[in-house]
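Colleague: next one to model:
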Amino acid sequence: MRSEQEAEFRQFVATRTERLRRFAYLCCGDWHRAEDVVQTALLRLYHAWKRAQRSSVDGYVRRIIVNLLIDEHRLVWFRRVHVSDRMPERASTDHGPHERMVLTSALMRLPKRQRAAVVLRYWEDLPIEQTAQIMGCSTGAVKNLTMRGLSTLRGLLTEEALVPFEGAPS
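Modeller: Model (predicted):
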């Protein structure tokens, strides 16, 4: 970025940050989240500053803020901390680190939507309806993605690797 563009950007940030922070606060209701979102939006704006039309920069950065808040809202279940008075229940069988590594490696080889469906349904233990809502698709699509994901996982994992998860083959 040229020095005059850098100076323009600094001037924009100095004059608009407080207004953008208030806008973000009104959109999310949390000053800390608003501050984080504005910082991220300004970083994205910095990368696009050369291409941004000066007459529409305010609208552009507001759109970035709204998109960031929407994305954050969609993905909030990834970051949410669940506080409880009691310890979480453990699975009946505790698989060792080798089995977890094998399964995690196989999961990473699934297509993103299949992986998301399998993780939400079986790792996070969410119902089909909630999984569909998080993924932004129908319950039928969740069932299909889960079925295909599990089928792909079975193909990726050898019979020997499946024994700790499904029991001995008959």
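
Colleague: going by C-alpha atoms from here, please, whenever you check contacts or count neighbours.
Modeller: Will do.

Colleague: buried set for the helix or strand containing R154?
Modeller: Assigned by DSSP states H and E, R154 falls within helix 139-156. Neighbour counts using 16 or more other C-alpha atoms under 10 Å place 139, 141-143, 145-146, 148-150, 152-153, 156 of helix 139-156 among the buried residues.

Colleague: do the same with stretch 21-37
Modeller: By 16+ other C-alpha under 10 Å, the buried positions in stretch 21-37 come out as 21-25, 28, 33-35, 37.

Colleague: now for the helix or strand Q130 falls within, which elements pack on it?
Modeller: Element membership for Q130 (DSSP H and E) is helix 128-135. Applying 3 or more C-alpha pairs under 8 Å, 6 or more residues apart in numbering; DSSP states H and E, one finds that helix 128-135 makes contact with helix 112-118, helix 139-156.

Colleague: flag every buried residue along it.
Modeller: Within helix 128-135, the residues scored as buried using 16+ other C-alpha under 10 Å are 128, 131-132, 134-135.

Colleague: could these go into TSV alongside distance to V57 and pLDDT?
Modeller: Listed next are those as TSV, based on distance: C-alpha to C-alpha, whole Å; pLDDT from 0 to 100:
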residue	distance to V57	pLDDT
I128	41	91
T131	36	83
A132	35	87
I134	31	81
M135	31	82
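
Colleague: mind putting the residues you listed in CSV, distance to K112 included?
Modeller: Formatted as CSV, these follow (distance: C-alpha to C-alpha, whole Å):
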residue, distance to K112
I128, 17
T131, 14
A132, 15
I134, 14
M135, 11
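
Colleague: could you find the closest non-adjacent residue to V37?
Modeller: In space, and not counting its chain neighbours, V37 is closest to I65: 6.2 Å by C-alpha to C-alpha, 6 or more residues apart in numbering.

Colleague: which element, helix or strand, includes that neighbour?
Modeller: helix 57-74.
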